[in-house]
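Student: Sequence first, then the predicted structure, then my questions.
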Amino acid sequence: PLLWASGREYYYKGKKVAKITGGGFYSKPKFKDIEKNLKLEPVDVEHLISKNKEFMEEVINSSLNIIKYSKFKEQDISVVSFSGGKDSTVVLDLVHRILPPDEFIVVFNDTDMELTTTYDYFERIRKRYDNIKFIKTTHDKRALDLWKEIGPPSRIIRWCTMVYKVAPTIKLIKELTNKENPKCILYDGVRADESSRRKNLGLESTGRYEGQTNIHPIHKWNTAMVHIYAMMNNIPLNNLY
């Protein structure tokens, strides 16, 4: 349904219908109905797709061309970074439409902090694309052990990305290519509207080590476009959504 939350207020078809007040560590929030006996109509998905089909085809073709031209870059290996989120799932689908299954691998970085739903989703996607090689990486130490040594990861202490994602991926790429400084093309689901830093990355950026080039095929997409693409292609999304 077209029901959205904006802060602590809820809007349906552009009209405020409810809001939350109060609430804290020791008290429950209060829910206030503004629109009584509200009935929600589900979105007509087929109509949504048909209305956006022409626009989406242009967007999709642009992203497919980005992937197509990246094939001409010097490289030893091509990798799709898969997190279990909607963006990386859509990128995986786009890449598999251009690159043959034996020309790239999919890497899922297991942070040892994922919810069970995400691990289940990883297996579901692996079965969907059963002709593609999926590899799961992780760190030698369990997450809670590292929490005790370093502290829980946060916006300030951001050791998790390097330890559980970047380092294991680089190690895997070196092992698979048998090279100390392999040339790697890495496709990810980075989008401009996620943050000001990501907005400045463009369609291509330098990776974490010298030989890595990151390609961002859906950099200019917004959240709605990602969801519509998934609907158009019957791609299941992580149940956490």
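Tutor: Okay, I see it.
Student: what sits against D120?
Tutor: N239 (C-beta atoms under 8 Å, 6 or more residues apart in numbering). All C-beta spots, glycine's among them, are computed from the backbone N, C-alpha and C.
Student: which residues in the protein form helices?
Tutor: Ranges of helices in the chain, per DSSP state H, are 45-70, 86-98, 116-128, 143-150, 159-160, 167-177, 196-199, 223-232.
Student: Pull out the buried positions in the last one.
Tutor: By 16 or more other C-beta atoms under 10 Å, the buried positions in helix 223-232 come out as M225, V226, H227, I228, Y229, A230, M231, M232.
Student: for the second one, same thing?
Tutor: Applying a neighbour-count criterion of 16+ other C-beta under 10 Å, the buried positions in helix 86-98 are K86, D87, S88, T89, V90, V91, L92, D93, L94, V95, H96, I98.
Student: what's near enough to touch the closest residue to the last one other than its chain neighbours?
Tutor: Distance criterion C-beta to C-beta, 6 or more residues apart in numbering; nearest residue to I98, sequence neighbours excluded, is I67 at 4.5 Å. I67 is in contact with L94, V95, I98, L99, Y187, I215, P217, counting by C-beta under 8 Å, 6+ apart.
Student: and stretch 105-120, how far apart are its ends?
Tutor: Its start and end residues considered, stretch 105-120 measures 19 Å (C-alpha to C-alpha, to the nearest Å).
Student: on that earlier part again, and the gap between the residue nearest to I98 and T223?
Tutor: Using C-beta to C-beta, to the nearest Å, I67 is found at 21 Å from T223.
Student: What pLDDT is listed against the closest residue to L40 other than its chain neighbours?
Tutor: Once flanking residues are discounted, L40 sits nearest to P1: 3.9 Å by C-beta to C-beta, 6+ apart. For P1, the model assigns a pLDDT of 70.
Student: quick one: contacts for L201?
Tutor: Contact analysis of L201 by C-beta under 8 Å, 6+ apart lists V190, A192, N214, H216, H219.
Student: now the fourth one, nearest residue through space, not along the chain?
Tutor: Right, the one you point to is H216. H216's closest residue in space is V190 (C-beta to C-beta, 6+ apart), at 4.5 Å.
Student: what about the helix or strand of the chain with the lowest mean pLDDT, distance to the chain center?
Tutor: Taking mean pLDDT, DSSP states H and E as the measure, the chain has helix 196-199 as its least confident helix or strand, at a mean of 71. Centre-to-centre, helix 196-199 and its host chain are 15 Å apart (C-alpha atoms, centre = their mean, to the nearest Å).
Student: same deal with stretch 128-143?
Tutor: Distance, centroid of stretch 128-143 to centroid of chain: 16 Å (C-alpha atoms, centre = their mean).
Student: Stretch 200-219 now?
Tutor: Distance, centroid of stretch 200-219 to centroid of chain: 15 Å (C-alpha atoms, centre = their mean).
Student: separation between the residue of the chain positioned farthest from its centre and A18?
Tutor: Computed with C-alpha atoms, centre = their mean, the residue of the chain farthest from its C-alpha average is K36, at 37.2 Å. Computed as C-beta to C-beta, the K36 to A18 distance reads 10 Å.
Student: What separation is there between G24 and K30?
Tutor: Counting by C-beta to C-beta, the gap from G24 to K30 is 12 Å.
Student: okay, the two: which has more neighbours?
Tutor: The residue with more neighbours, out of G24 and K30 and counting by other C-beta atoms under 10 Å, is K30; that gives 10 against 7.
Student: so what pLDDT did that one get?
Tutor: If you check K30, the pLDDT there is 92.
Student: what's it in contact with, if anything?
Tutor: I20, T21, G22, G23.
Student: Need phi/psi at the residue lying closest to E114 once chain neighbours are set aside.
Tutor: Here the nearest residue to E114 in space, its sequence neighbours aside, is G84; by C-beta to C-beta, 6+ apart that works out to 7.0 Å. Dihedral angles of G84 (phi, psi; degrees, to the nearest 10) stand at phi 100, psi 0.
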